[in-house]
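Student: sequence first, then the predicted structure, then my questions.
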Amino acid sequence: MLIPEIVKILTNAGIPENEANIEVKLLIEHFAGYSLVDILMGKKLDEEKLKLVEEKAKYRAQTKKPIQYIIGLADFMGQKFIVNESVLIPRDETEILTRKAIEIINTNNYKWALDMCTGSGCIACSIAMNTKAQVIGTDISTEALHTAFSNMEKFELFNKATFRKSDIYSKIRPEERFDIIISNPPYIPPQLKNSIQTEVSFEPDLALYTQDEKGLEFYEKITLDAHKFLNPNGYLLFELGIGQSQDVANIMKQNNFKEIQVIKDLANIDRVILGKI
Ligand code: GLN
């Protein structure tokens with residue numbers, strides 16, 4: 001089978017052509033061990049290996065399981081993070097939050113960062129890789145923490161990024177203090193569950209949905225006690241769901257956060273909010 005025919009397996013299943021091309025490249029790299037350069041240079045591709053790629057493409061087409069779960073890796077901040085169905089697949093938008101956190105930490109020479117709802121640990125590990133700060137990532141899911149730990153090991157961030165099972169602040173000790181708290185929490189209202197893409201249904205409910213109808217539960221809980229764990233002038237940063245910036249800004253103002261700023265994503269959606277205590 002030729003590469004364009006494998007791409008066709010995906011486009012026939014309704015996957016847009018530009019995405020199908022990228023996905024087939026990823027499948028070839030991962031399951032056949034060829035680079036894009038090998039393919040472009042016309043290197044002869046082994047039939048056996050291509051057969052495996054074809055099978056994986058068929059599985060993707062039939063199930064609509066996200067390609068990142070099939071491969072077990074997702075691109076984020078220029079690195080390949082280990083992912084599985086116990087963690088959210090890192091989104092491009094989350095790089096906006098992560099880059100802003102890195103900028104603040106490096107500008108202020110901050111030492112202590114807390115990443116709440118760490119999932120795969122993609123934010124915590126990226127901060128640990130790009131700053132001198134010590135990062136603690138927390139999550140309520142034991143499986144997610146195993147994945148975060150695997151990423152910490154993969155990127156050799158021993159002692160720089162550590163992970164802890166905690167329901168919001170439940171396992172943060174009263175004397176612990178951070179210069180910055182970052183979170184990309186679950187923010188999708190539960191009533192939207194029926195209208196999501198098939199691909200998203202493979203992701204853990206725990207990482208996607210809140211209990212309340214506005215999707216604000218985690219913003220409220222994290223903001224309410226943030227002052228107890230932040231150093232003076234410390235920062236709180238969140239990723240936002242669509243249409244949530246005004247509500248989250250109000251929650252932050254009510255809890256004495258100042259200098260509130262919102263950053264938009266490429267689609268002009270308010271995507272990140274930050275403030276100082
Ligand atoms: N922090 C992880 C991410 O940004 C997981 C977020 C979540 O589970 N809500 O991908």
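Tutor: Yep, that arrived. Numbering: from 1, shown residues only.
Student: list the contacts for the residue nearest the centre of the chain?
Tutor: Residue closest to the average C-alpha location in the chain (CA atoms, centre = their mean): residue 90, at 2.8 Å. Listed by CB atoms under 8 Å, 6 or more residues apart in numbering, the contact set of residue 90 reads 74, 75, 76, 81, 83, 119, 120, 122. C-beta: built from backbone N, CA, C; applies to glycine.
Student: go again using 10 Å as the cut-off
Tutor: Going by CB atoms under 10 Å, 6 or more residues apart in numbering, residue 90 touches 68, 74-77, 79, 81, 83, 98, 119-123, 126, 184.
Student: and residue 128, by the same measure?
Tutor: Contacts for residue 128 (CB under 10 Å, 6+ apart) come out as 113, 115, 121, 134-135, 137, 152, 155-162.
Student: filter the contacts of residue 90 down to the buried ones and hand me the PyMOL line.
Tutor: Buried residues among these (16 or more other CB atoms under 10 Å), as a PyMOL selection:
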select buried, resi 68+74+76+77+79+81+83+98+119+120+121+122+123+126+184
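Student: nearest to the ligand among the contacts of residue 90?
Tutor: Nearest to the ligand among the contacts of residue 90, counting by CB to the nearest ligand atom, is residue 119 at 2.6 Å.
Student: what's the closest non-adjacent residue to the closest one?
Tutor: Nearest non-adjacent residue to residue 119, counting by CB to CB, 6 or more residues apart in numbering: residue 87, 4.5 Å away.
Student: lowest-confidence one in the contacts of residue 128?
Tutor: pLDDT across those is lowest for residue 159, at 92.
Student: give me the neighbour count for that residue.
Tutor: Look at residue 159: counted by other CB atoms under 10 Å, it has 8 neighbours.
Student: that one and residue 134 touch, don't they?
Tutor: Yes - counting by CB atoms under 10 Å, residue 159 does reach residue 134; the two are 7.7 Å apart.
Student: which strand or helix spans the closest residue to residue 235 other than its chain neighbours?
Tutor: Leaving out its chain neighbours, the residue that sits closest to residue 235 by CB to CB, 6+ apart is residue 180, at 4.5 Å. Taking DSSP states H and E as the criterion, residue 180 maps to strand 178-183.
Student: avg pLDDT for that strand?
Tutor: 98.
Student: so is that strand next to the ligand?
Tutor: No - using CB under 6 Å from any ligand atom, strand 178-183 stays clear of the ligand, with a minimum separation of 7.3 Å.
Student: helix or strand right after that strand?
Tutor: Once the chain leaves strand 178-183, the next helix or strand it forms, by DSSP H and E, is helix 205-208.
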